[in-house]
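# sequence-free structure coming up:
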């Protein structure tokens, strides 16, 4: 099941992909990680899907990553006497703490923390930005607004606040329960929604305590303003273009995508590009030309993964969506211009021994035109450091820890294999050569480059590099 591309594919599971045979076909088509969206999954449903994925992992003999996406706070207006109202431009409209049904001039907003945080001039978006209100005054449990973009508002429509930092956690009571349930199932990645500040990620990290890695979803202007701080406490970032495009001008999203992707790459942390990548394939077996270009852009940027949402979760063509994304990625990475684009975006290494070894490994591999870099890694940090360099050689990560292999399923270019830890340097070379041979990365008589941390099993101690020749039957010569 070796992939012929470096970028990874995340496929969201849902009603269209609840059957074991369908999920197996998605993995065979190219899905490396499966996402379970807790906005739509019960705890029992989540457990069933995790068990299914783990059984497929045994069937295919390959580590498969599982990403649990927490719902986050969903802000909504209350209900109206007539079920809906039509707001006209210039109308005065009030949001307040009165739970009685709304009228043409007011509605209940069941979030006192919002009412206490709004200020004059702040924008309020309703129903994914279809209606825009601007606050003229706020206080005493109410906010008076003027309608700037007219439209119909019905019961319990969503509310977005691009200018307002809400002084509450990104974790709701539901999220805490969902997180606890997910951690019991030994999942690999947690995606945290509606992050505003680094403290939101730190709060989750205290609960997780190393049992999973944390991906911060960047979908609010407040997160953009503190992007460096959020990245510093996160294990990965997701460019969540859906809500980001609601709360910020759409024309800014492509530039933000490049900025987030390059920042994450510079710091050696995985970055995922998500939302509406092949949206038309929800109802069509083929994508639009624009969607193909969108996926291709993420591949050229060197993102670690691209994600399918409704396309694989509830669409009519989940298999076709995954296989189409796989083909696009393979074709882009085969382009003559691809290596030069990836190389031009390489970042300056940090002044650490591990980074120096990673850069030297890449340079030696490219100078000698070696097909594969074999990285022994217990925690995954060596694999991440090599992947940060975006080498032209394949990356074979060898780890004694299955959880590490599953987490690395999300990382650019990494093909992880679970194996016993190396006993000594001779064993390190022998088994690296053997696995490179077995997995089809190199043949007898070819050289491989091996990087590891010595003493073995010490997390983050990448300090050893050597070249080995593959001998008969795959061992080192």
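Alright, I've got the coordinates. Not measured: the values here are computed from a predicted model.
# and residue 445, what is it in contact with?
469-470 (CB atoms under 8 Å, 6 or more residues apart in numbering). For every residue, glycine as well, the C-beta is placed using N, CA and C.
# so it, which state does it fall into?
coil (DSSP: H, G, I helix; E, B strand; the rest coil).
# where do the strands sit along the stretch 201-350 of the chain?
Along the stretch 201-350 of the chain, counting by DSSP state E, counting those that start in this stretch, strands occupy 213-218, 236-240, 271-274, 305-308.
# partners of the longest one, with directions?
Right, the one you point to is strand 213-218. Paired neighbours of strand 213-218 in the sheet (DSSP bridges): strand 189-192 (parallel), strand 236-240 (parallel).
# what does the first one contact?
By CB under 8 Å, 6+ apart, the list of residues contacting strand 189-192 from outside reads 33, 35, 65-70, 72, 170-171, 179, 182, 200-201, 204, 208, 212-217, 235-236, 238, 407, 410.
# show the average pLDDT along it.
Across strand 189-192, the average pLDDT comes to 98.
# and for the last one?
Rounded to a whole number, the mean pLDDT of strand 236-240 is 98.
# for residue 284, which non-adjacent residue is closest in space?
Setting aside the residues directly before and after it, residue 284 is nearest to residue 317 in space (CB to CB, 6 or more residues apart in numbering), at 7.2 Å.
# just to check, that neighbour is in contact with residue 279?
No - the pair residue 317 / residue 279 is not scored as a contact, 12.0 Å apart, by CB atoms under 8 Å.
# any shared contact partners between the two?
Common contacts of residue 317 and residue 279, defined by CB under 8 Å, 6+ apart, comprise residue 311.
# help me confirm that residue 353 comes into contact with residue 462.
Yes - with contact defined as CB under 8 Å, residue 353 reaches residue 462; the gap is 7.3 Å.
# the more surrounded of those two?
residue 462 (28 against 12; other CB atoms under 10 Å).
# residue 184: neighbour count?
12.
# just residue 400 next, same as before
By other CB under 10 Å, neighbour count at residue 400 equals 16.
# and the pLDDT for it?
For residue 400, the pLDDT comes out at 95.
# with adjacent residues omitted, what lies nearest to it?
residue 421 (4.2 Å).
# residue 182 too?
Using CB to CB, 6+ apart, the closest residue to residue 182 is residue 68 (4.3 Å).
# cool, residue 380 as well?
residue 404 (4.6 Å).
# wait, a helix at the one you found?
Yes - under three-state DSSP, residue 404 falls within a helix.
# so it makes contact with residue 376?
No - using CB under 8 Å, residue 404 is not in contact with residue 376; the gap is 11.0 Å.
# more neighbours, those two?
Neighbours per residue (other CB under 10 Å) separate residue 404 from residue 376, with residue 376 holding more: 26 against 21.
# isn't that one up against residue 398?
Yes - contact criterion CB under 8 Å: residue 376 and residue 398 qualify, at 5.1 Å.
# for the strands paired with strand 213-218, which one sits closest to residue 130?
Residue 130 lies closest to strand 236-240 among the strands paired with strand 213-218, at 19.3 Å (CB to CB).
# buried ones in the closest one?
Buried residues in strand 236-240, counted by 16 or more other CB atoms under 10 Å: 236-240.
# quick one on the thing from earlier: what do residue 376 and residue 398 both touch?
422, 432.
# without its sequence neighbours, what residue ends up closest to residue 432?
Using CB to CB, 6+ apart, the closest residue to residue 432 is residue 374 (3.8 Å).
# that's a strand at the one you found, yeah?
Yes - counting by three-state DSSP, residue 374 is part of a strand.
# read off the pLDDT value for it.
On the pLDDT scale, residue 374 is placed at 97.
# that one against residue 450, yeah?
Yes - assessed by CB under 8 Å, residue 374 is found in contact with residue 450 at 4.6 Å.
# neighbour-wise, which of the two wins?
Per other CB under 10 Å, whichever of residue 374 and residue 450 has more neighbours is residue 374, with 31 against 26.
# about what we covered before: wait, what's in contact with the residue nearest to residue 284?
Counted by CB under 8 Å, 6+ apart, residue 317 has contacts 281-282, 284-285, 311.
# of those, just the buried ones, ChimeraX syntax please.
Buried members of the contacts of residue 317, defined by 16+ other CB under 10 Å, are picked up in ChimeraX with:
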select :281,282,284,311
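# kindly reformat the contacts of residue 317 as JSON lines containing distance to residue 122 and pLDDT.
What follows is the contacts of residue 317, written out as JSON lines (distance: CB to CB, whole Å; pLDDT from 0 to 100):
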{"residue": "281", "distance to residue 122": "37", "pLDDT": "98"}
{"residue": "282", "distance to residue 122": "34", "pLDDT": "98"}
{"residue": "284", "distance to residue 122": "39", "pLDDT": "98"}
{"residue": "285", "distance to residue 122": "44", "pLDDT": "98"}
{"residue": "311", "distance to residue 122": "34", "pLDDT": "98"}
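# returning to that earlier point: please tell me how far the residue nearest to residue 284 sits from residue 277.
As judged by CB to CB, to the nearest Å, residue 317 and residue 277 stand 14 Å apart.
# list the buried residues for stretch 5-20?
Judged by neighbour count (16+ other CB under 10 Å), stretch 5-20 contains these buried residues: 5-14, 16-17.
# hmm, residue 295 is touching residue 277, no?
Yes - contact between residue 295 and residue 277 holds when scored by CB under 8 Å: they sit 5.5 Å apart.
# looking at the strands paired with strand 213-218, which is closest to residue 160?
Of all the strands paired with strand 213-218, it is strand 236-240 that lies closest to residue 160, at 12.8 Å by CB to CB.
# ok, residues contacting that closest one?
189, 191, 193, 213-219, 230-231, 256-257, 260-261, 263-264, 269-275, 304, 307, 410.
# check stretch 36-55 too.
Taking CB under 8 Å, 6+ apart as the rule, stretch 36-55 contacts 12-14, 18, 20, 23, 34, 64, 66-71, 74, 174-175, 177-178, 181-182, 185, 187, 309, 313.
# for it, give the mean pLDDT please.
97.
# how does the protein divide into domains?
The chain breaks down by automatic domain parsing into domains covering 8-72+171-334, 84-160, 353-474.
# may I see these organised as CSV, with distance to residue 341 added?
Converted to CSV, the domains of the chain look like this (distance: least, CB to CB, whole Å):
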stretch, distance to residue 341
domain 8-72+171-334, 5
domain 84-160, 33
domain 353-474, 10
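# among those domains, which gets the worst mean confidence?
Across the domains of the chain, domain 353-474 gives the lowest mean pLDDT, at a mean of 92.
# measure that domain end to end?
Using CA to CA, to the nearest Å, one end of domain 353-474 lies 30 Å from the other.
# right, and residue 326 touches residue 27 too?
No - with contacts counted by CB under 8 Å, residue 326 stays clear of residue 27, the gap being 11.1 Å.
# the two - which one has more neighbours?
Counted by other CB under 10 Å, residue 326 and residue 27 do not tie: residue 27 has more neighbours, with 22 against 19.
# test my guess that residue 214 contacts residue 207.
No - using CB under 8 Å, residue 214 is not in contact with residue 207; the gap is 9.9 Å.
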